[in-house]
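> got a sequence here, can you build the structure:
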Amino acid sequence: MHFPVRKGLFSRTTGVLKAVDGVSFNISPGETLGLVGESGCGKSTLGRCIVRLLEPTDGRIRLMGHDITHRSQWRMRRLRHHVQMVFQDPEDSLNPRMDVRHLLMEPLLIQKIGSRQTRRKRVEVLLDLVGLPQSAGTKFPHEFSGGQRQRIGIARALATGPKLLILDEPVSSLDVSVQSQMINLLLMLQKELDLSYIFISHDLSVVKHVCDRVAVMYLGKIVEGGPAHLVYHNPLHDYTRALVSSIPIPDPGERRHVPILPGDVPSPVDPPDCSAFGRRVNHPYLESTYGLDLTPVEIEPGHWVAPDPCAVSLQDLSKVGIDIFKELK
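Modelled structure (predicted):
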């Protein structure tokens, strides 16, 4: 997903912001994939591309065997009820002029699902699913707490019976005590409704708890991915190690060394032709990465990492026969 950068009186295109570049993954029924990374790495943009809120610049998006990359909005309508999105800020995503009953009924009206009676019944079922009383249907979003509004957002996303939910930091704006309730609700709904989740978050402790697989994004690219237990207990990329080590430990008496990444993330408007991570940390192998293909490779079964000598040990790279840096050992 590339955005043109325009400047000047005539809004001439002076560059391209590469928000998402060369990302590839799949997700199975009933699976939860976590997308993690620093703010601005492209996680939310990727989620919006999948639900077609943004028109992708290139590549393919396949949903249940159908290519939806450049389908018109009219042709997307039949498939749109299979994939829905839950946004980070429930207050901004809910129409303040509509009561909860009409908020939950609106997706059914747009998709022309059911009769008036069945839609009303569906609203009652949705409120019960997310743990809200039936009386909530007559109230407006401003009458609820943040956690309750997020429950309404989840209920609205479930209205059409989707198979895939894009969860864009669904608990980051909530209190810690409410976060645990929301996570338990999401896990319960996934089990009951056989849902697939793409869980976007910068909170690695939450992702570790709810996700089956994890993909780590850096500057619009996936640099490491695999089963959650492998990524967390045996991170291969230095950026992943820094993220994992930053997870707080609930023990004030324990001391540990947390590596601090120097420098700043390179601009996505003009990304380097070499290792972006190596440029950030000024790695001595940086010159050797110019023109190098950093597409993730499988180091061990199910565990993929970008073959970047500035971030991955040469010993790990040698496991898959990558020995072009042998002279640098």
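> helices or strands up against the helix ranked longest in the chain?
The longest helix of the chain (DSSP state H) is helix 176-193. On a contact count with 3 or more Cβ pairs under 8 Å, 6 or more residues apart in numbering; DSSP states H and E, helix 176-193 meets helix 146-158, helix 204-210. The C-beta positions use only the backbone N, C-alpha and C, and glycine is treated the same way.
> adding distance to residue 170, mean pLDDT and mean neighbour count, write these out as JSON lines.
Shown next, in JSON lines, are the helices and strands packed on helix 176-193 (distance: least, Cβ to Cβ, whole Å; pLDDT from 0 to 100; neighbours: other Cβ atoms under 10 Å):
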{"stretch": "helix 146-158", "distance to residue 170": "6", "mean pLDDT": "92", "mean neighbour count": "22"}
{"stretch": "helix 204-210", "distance to residue 170": "9", "mean pLDDT": "87", "mean neighbour count": "19"}
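> could these go into TSV alongside distance to residue 95?
Output for those, formatted as TSV (distance: least, Cβ to Cβ, whole Å):
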stretch	distance to residue 95
helix 146-158	10
helix 204-210	28
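> and the following helix or strand past the longest helix of the chain, which strands flank it?
Downstream of helix 176-193, the next assigned helix or strand under DSSP states H and E is strand 196-200. On the basis of DSSP bridges, the sheet neighbours of strand 196-200 come out as strand 32-36 (parallel), strand 164-168 (parallel).
> any idea which of the ones you listed gets closest to residue 308?
Residue 308 sits nearest to strand 32-36 of all those, at 17.7 Å, using Cβ to Cβ.
> that closest one vs helix 176-193, what angle?
Inter-element angle recorded for strand 32-36 and helix 176-193: 140 degrees (by axes from the mean of the first three to the mean of the last three Cα atoms, to 10 degrees).
> quick one, helices of the chain?
43-50, 73-80, 90-93, 100-110, 116-129, 146-158, 176-193, 204-210, 228-233, 238-245, 276-281, 314-318.
> packing partners of the shortest one?
The reference is to helix 90-93. Other elements packing on helix 90-93 under the criterion 3+ Cβ pairs under 8 Å, 6+ apart are helix 146-158.
> how far out from the middle of the chain is the helix it packs on?
Helix 146-158 has its C-alpha centroid displaced from the chain centroid by 18 Å (Cα atoms, centre = their mean, to the nearest Å).
> what sits up against it?
Residues outside helix 146-158 that contact it (Cβ atoms under 8 Å, 6 or more residues apart in numbering): 84-87, 90-91, 93-94, 100, 103-104, 106-107, 126-127, 129-132, 136, 141, 144, 165, 170-171, 173-175, 178, 181-182, 185-186, 189, 193.
> and the buried ones among the residues you listed, selectable in PyMOL?
Burial among these is assessed by 16 or more other Cβ atoms under 10 Å; the matching PyMOL selection reads:
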select buried, resi 84+85+86+87+90+93+94+100+103+104+107+126+127+129+130+131+132+136+141+144+165+170+171+173+174+178+181+182+185+186+189
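> the closest residue to residue 21 other than its chain neighbours and residue 195, how far apart?
Distances taken as Cβ to Cβ, 6 or more residues apart in numbering put residue 220 closest to residue 21, at 4.4 Å, once the chain neighbours are dropped. Distance, residue 220 to residue 195, by Cβ to Cβ, to the nearest Å: 27 Å.
> follow-up on the earlier one: residue 316: which of the strands paired with strand 196-200 is closest?
Judging the strands paired with strand 196-200 by Cβ to Cβ, what sits closest to residue 316 is strand 32-36, at 20.3 Å.
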